[in-house]
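This is the structure alone, sequence omitted:
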């Protein structure tokens, strides 16, 4: 799946030379498909910060390959570790980045320097990639059951799902997280339709999710971020499914700014609100989402300007007055109490420490061994 | 007040010729100040539908002057009444339009045809205009007391207010509704700051409210529509004040799409949520906001495209894929239970039939006389 113009595609891959990391430059989609080659640590950091690549799982995979780039370009071990630290700090909110970099660095340091270390890093980054693909596929299978159940309740009438931002294959590697249940249910022949929040300021919904769904032939409608509550009030949304950048082991969800508002509307209208995530997005250290998850503040120009297509080229226009300031918090935290359930690779569970630890008992045991519980 | 480049300005006025209605073309603000002359009924209807003029009170005033245009350009009484009906139906949600047209038409028909009727209509449209200005000023005085009280509680530290869309002088004639308390409190020297929701799809917040506040020297920050909930969670919003296009006598509020989401976030974070309105925006006939207020669905292109300034000119860019559909409901309904209070020209009251009728007892008496209560 995920064919673009008939060609199978992933948003990231390692070139045959074993050193060049290739990524889809997501800043220009849906208007232009451009592939970027990353061969220096600065390029990797830039790609993450400028959101050439974005989405928690993909940022993690990019970080993993960033370790390879760091290894290939560092003159000694200290420089290597220092470069990895900088990759790890490129963006603060998604926990997958630190998780993936730490994991690959640990493997690297356990291997002898030289070719063996390079081979180890290539293998481990590839491993993380395939694990994320596998997790997303499983999320799709578990989530599709939820959609199938709703479809049955509706006697096969169209199931209307609402999603915010892009938690699709572009944000992961294949399948996506929030979109995985959609892709699987669509393959099963379930009649469904997706309301796509445009997701200002960077419009990942209107640009990326709409593009993904369109390429896959899935019925969808772009709406402004303001519209979701109204649709829920009118009974036009059967379920909400979103991704997450970091989720505490107690069930608090940091995701793209605006997610919290949709969770409130879902609660107010008894619409189930699901968060789809691979276990790599759980933060097993944090208890309090609002108090502990760092929220990235991005540049005000992302608010002032909007980018799109004009006369066949990509252009940006300034919306606000030249002398008005803007603020741009990139994420918000949806408290566990507003989440109906998580859809993980191991199945569906309630948004509570007990349920999460029940699904991932090894994490509980680890915390116990560390004297944390 | 409301000086633009040192010149006093209103968004609408009758030209000295007694027949040309002049309006600020709000589609091009803040990038360009353009005045449009309306001399035919079609131009009046177009101006309302294309949102050259917008905002419930201003739509009402435009409708009132639309009656004058209809009278000046109609060959007979039937054509006149027919033209007035068309003006009245130009947009469905704001109740002020029908209210103002009906009021001026009733006066017109009570006057003898010819010059006397024209004079009557000019007088009545002017009367409605000045009454709206007076109501907005009073709303400002009542609302400023709320801001002053919060300022006192905070020992004079900055009061942070959040508003959605533009319920400023551009949407009214002077003062605005939601902005009136801001302007009055600012004149009183209260330290305040306004979070301005950009308000997609047409960005009336980022374009118009930011421009208004900037011209008045009032501290403000533009944010995406997604950000307000996050700011409230962090204690960065002391109160929300919005306008309304139609409010039932039971307290349900139809306002720009997305208002409901902010009301939910305010409730979830114990932030007071105020709706400022002149009594002309109450619908004394409707009991059930969700069930009875017609919600305008506007063109999908307003969602697909964003307009702004580029290289000194106004341009628009397409954000979404060319083959994706979009939906564009223009308003939503905030149920009375989420409204802390209304700020009207007669004072502040709870969002309940009892409190509203207590402030406007003549409406209750009228309903009683009609056998409605």
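Perfect, thanks for sending it. If you're wondering where the values come from, they're calculated on a predicted model, not measured in any experiment.

Near the nearest residue to residue A:208 once chain neighbours are set aside, how many residues? Count them for me, please.
Nearest residue to residue A:208 in three dimensions, chain neighbours excluded: residue A:166, at 3.9 Å (C-beta to C-beta, 6 or more residues apart in numbering or on different chains). Placement of C-beta: from N, CA and C, glycine included. Here the number of neighbours of residue A:166 (other C-beta atoms under 10 Å in any protein chain shown) works out to 32.

Specify the local secondary structure of residue A:166.
coil (DSSP: H, G, I helix; E, B strand; the rest coil).

so who does it touch?
A:54-55, A:176, A:199, A:204-205, A:207-209, A:212 (C-beta atoms under 8 Å, 6 or more residues apart in numbering or on different chains).

change it to 6 Å
Taking C-beta atoms under 6 Å, 6 or more residues apart in numbering or on different chains, we find residue A:166 in contact with A:204, A:208-209.

quick one, domains of chain A?
Domain segmentation of chain A under automatic domain parsing yields A:2-131, A:141-369.

Quick one: end-to-end length of the longest one, please.
Right, domain A:141-369. Domain A:141-369 has its terminal residues 33 Å apart, counting by C-alpha to C-alpha, to the nearest Å.

what mean pLDDT does it have?
When pLDDT is averaged over domain A:141-369, the result is 97.

circling back to that earlier point, for PyMOL, write the select line for the buried members of the contacts of residue A:166.
Buried subset of the contacts of residue A:166, written as a PyMOL selection, criterion 16 or more other C-beta atoms under 10 Å in any protein chain shown:
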select buried, chain A and resi 204+208+209
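
Could you dump the contacts of residue A:166 into a markdown table with secondary structure added?
Shown next, in a markdown table, are the contacts of residue A:166 (three-state DSSP):
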| residue | secondary structure |
| --- | --- |
| A:204 | helix |
| A:208 | helix |
| A:209 | helix |
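
Tell me the spacing between the residue most central in space within chain A and residue A:26.
Centroid-nearest residue in chain A, with C-alpha atoms, centre = their mean: residue A:55, separated by 3.1 Å. Using C-beta to C-beta, to the nearest Å, residue A:55 is found at 9 Å from residue A:26.

swap in residue A:172?
12 Å.

is it true that the residue nearest to the centre of chain A touches residue A:168?
No: assessed by C-beta atoms under 6 Å, residue A:55 is found out of contact with residue A:168, at 7.9 Å.

that's a strand at residue A:195, yeah?
Yes: when three-state DSSP is applied, residue A:195 is found to be in a strand.

Show me what it bridges to in the sheet.
Assessed by DSSP bridges, residue A:195 has beta-bridge partners residue A:162, residue A:221.

tell me the contacts of it?
Shown in contact with residue A:195 (C-beta under 6 Å, 6+ apart): A:162, A:221, A:223.

again, only this time at 10 Å
A:160-164, A:205, A:220-223, A:227-228, A:231-232, A:236-237, A:240, B:327 (C-beta atoms under 10 Å, 6 or more residues apart in numbering or on different chains).

Now the stretch 51-200 of chain A against chain B: closest residue?
For the stretch 51-200 of chain A and chain B, the shortest gap (C-beta to the nearest C-beta) falls at residue A:200, measuring 4.2 Å.

Now that residue, what are its backbone angles?
Main-chain torsions, residue A:200, degrees, to the nearest 10: phi -70, psi 150.

That one: what's it in contact with?
Applying C-beta under 10 Å, 6+ apart, we find residue A:200 in contact with A:206, A:224-226, A:257-258, A:302-303, A:306, A:328, B:198, B:200, B:203, B:223-227, B:306, B:319.
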